[in-house]
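In: Show me the folded form of this:
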Amino acid sequence: METLYRETPIKRKKGDRWIIQRTLDRKQVGKSFRVRAEAIEYKLKLDVNSAKLIERSDPIQRLTVEDIDILLGNLKVFFKKLYKLKQTIAVKKK
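Out: Next up is the predicted model:
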């Protein structure tokens, strides 16, 4: 699974802190953390939540190999019928 977030260290005068950033645009998500383990835990929660959202919103992600095989078989049948229909229409026009 590709992660959408990363933990990043910030070095300041106050000491080391950790933030969570989106990998897409490097925008900070949430607050900063003193301990890296807390940052990693928060990042994992975000990853799990985003995976659930993607799974619900994208039905392609839920397809199995068998489902794809059935769809491709149906497409072959559809295009064969379409080809026959085009042939009969071409014959009727003559």
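
In: which residues touch the lowest-mean-pLDDT helix or strand in the chain?
Out: Lowest on mean pLDDT, DSSP states H and E among the helices and strands of the chain sits helix 36-57, with a mean of 81. For helix 36-57, the external contacting residues (C-beta atoms under 8 Å, 6 or more residues apart in numbering) are 1, 3-7, 9, 18-20, 29-30, 33, 61-62. Just so you know, the C-beta spots here come from the backbone N, C-alpha and C atoms, and that holds for glycine as well.

In: make it 6 Å
Out: Helix 36-57 has contacts (C-beta atoms under 6 Å, 6 or more residues apart in numbering) with 3, 4, 5, 7, 18, 20, 33, 61.

In: what does stretch 3-17 give?
Out: Applying C-beta under 6 Å, 6+ apart, the contact partners of stretch 3-17 are 18-23, 32, 39-40, 43, 46-47, 50.

In: Quick check: which of the contacts of helix 36-57 has the minimum pLDDT.
Out: Among those, residue 61 carries the weakest pLDDT, at 66.

In: average pLDDT across the helix or strand harbouring residue 91?
Out: Using DSSP states H and E, the element containing residue 91 is helix 65-93. For helix 65-93, mean pLDDT is 84.

In: just checking, which of the contacts of helix 36-57 belong to strands?
Out: 5, 7, 18, 20, 33 (DSSP state E).

In: Do I have it right that the third one meets residue 33?
Out: Yes. Taking C-beta atoms under 6 Å as the definition, residue 18 is a contact partner of residue 33 at 4.6 Å.

In: and residue 70, how far is that from residue 35?
Out: Look at residue 70 and residue 35: by C-beta to C-beta, to the nearest Å, they are 50 Å apart.

In: What's the local residue count around residue 44?
Out: 13 (other C-beta atoms under 10 Å).

In: how far away is it from residue 4?
Out: 12 Å.
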